[in-house]
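>>> okay, here's the prediction I keep looking at, along with the sequence it came from:
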Amino acid sequence: SQQGEEDPQALSIQEGENATMNCSYKTSINNLQWYRQNSGRGLVHLILIRSNEREKHSGRLRVTLDTSKKSSSLLITASRAADTASYFCAMGFNTNAGKSTFGDGTTLTVKP
Amino acid sequence: DTAVSQTPKYLVTQMGNDKSIKCEQNLGHDTMYWYKQDSKKFLKIMFSYNNKELIINETVPNRFSPKSPDKAHLNLHINSLELGDSAVYFCASSQDIPGGAEAFFGQGTRLTVV
């Protein structure tokens, strides 16, 4: 299966702490994206990292990609209650990110 | 303005009925998709269209038929609805560029078959 696995499945932290989510996949990718999904809402794109990149930043988000280990991580620093959501990684095996295969997601709860 | 909009947001219907979900994107993207998210939040791609042509058709019952009248619209028609079709269906779109591009998702249609 090309499906990605995310770890942990659920994460609960206090506001201000950092949250790290991991994603592993099985075959070579073109790119890997991270999305956030608030309860009852659609997915919102966070970061896309290409296979020739190792790290990307966006505000409080940091994504790393290790193609030799076929894994990626999403770090959210100084978390806020509003970061509470499900986070999905998606592996792009073709040129178009929308054809991606999604991981099972990590549910993050940030307690105020 | 909503980038990817789908209607209806909620759909409750009886087994055996036929229903449609509509999707429109105003981003000028070439490619549109339908995803299904089950009760465990697992997201699976169903169909992908590029410039009105079907390019991905995953293992989906043929009761599901996508229709793309133009590249800004991708509708999903479902015949003879079954209980197992209950899920949230997401439409998405993206630009087709080398190296990949982000996908923009609609807000989802929660389908409940009773």
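Good, I have the coordinates.
>>> for the rest of this, base every contact and every neighbour count on C-alpha atoms.
Will do.
>>> so where's chain B uncertain?
Low-confidence segments of chain B, defined by pLDDT under 70, are located at B:1, B:98-99.
>>> before we move on, what about chain A?
Segments of chain A classed as low confidence (criterion: pLDDT under 70) are A:1-3, A:94-99.
>>> what segments of it are strands?
Assigned by DSSP state E, chain A shows strands spanning A:5-7, A:10-14, A:19-24, A:31-37, A:43-50, A:55-58, A:61-66, A:71-76, A:85-92, A:101-102, A:106-111.
>>> so which of those strands is the most packed in?
Of all these, strand A:85-92 carries the top mean neighbour count, a mean of 27, counting by mean count of other C-alpha atoms under 10 Å in any protein chain shown.
>>> quick one: that one to chain centroid distance?
On the basis of C-alpha atoms, centre = their mean, to the nearest Å, the separation between the geometric centre of strand A:85-92 and that of its chain is 5 Å.
>>> ok, now stretch B:7-25?
Taking the mean of its C-alpha atoms, stretch B:7-25 sits 10 Å from the chain's own mean (C-alpha atoms, centre = their mean).
>>> ok, stretch A:72-86 next?
Taking C-alpha atoms, centre = their mean, one finds stretch A:72-86 lying 10 Å from the centre of the chain it belongs to.
>>> could you tell me the end-to-end distance of it?
16 Å (C-alpha to C-alpha, to the nearest Å).
>>> ok, residues contacting that stretch?
Counting contacts by C-alpha atoms under 8 Å, 6 or more residues apart in numbering or on different chains, the residues outside stretch A:72-86 that touch it are A:14-24, A:34, A:36-39, A:60-66, A:105-112.
>>> re earlier: let's have the strands of chain A in CSV, adding distance to B:Tyr35.
Converted to CSV, the strands of chain A look like this (distance: least, C-alpha to C-alpha, whole Å):
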stretch, distance to B:Tyr35
strand A:5-7, 18
strand A:10-14, 23
strand A:19-24, 20
strand A:31-37, 14
strand A:43-50, 11
strand A:55-58, 26
strand A:61-66, 25
strand A:71-76, 23
strand A:85-92, 13
strand A:101-102, 10
strand A:106-111, 18
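>>> returning to what we had before: filter the contacts of stretch A:72-86 down to the ones close to chain B.
The overlap between those and the neighbourhood of chain B (criterion: C-alpha under 8 Å from any C-alpha of the partner chain) consists of A:Gly105.
>>> show me what from chain B comes close to chain A.
Applying C-alpha under 8 Å from any C-alpha, we find that chain B lies next to chain A at B:31-33, B:41-45, B:48, B:90, B:92-108.
>>> again, 6 Å this time
B:42, B:94, B:96, B:98-103, B:105-108 (C-alpha under 6 Å from any C-alpha of the partner chain).
>>> alright, that wraps it up for me.
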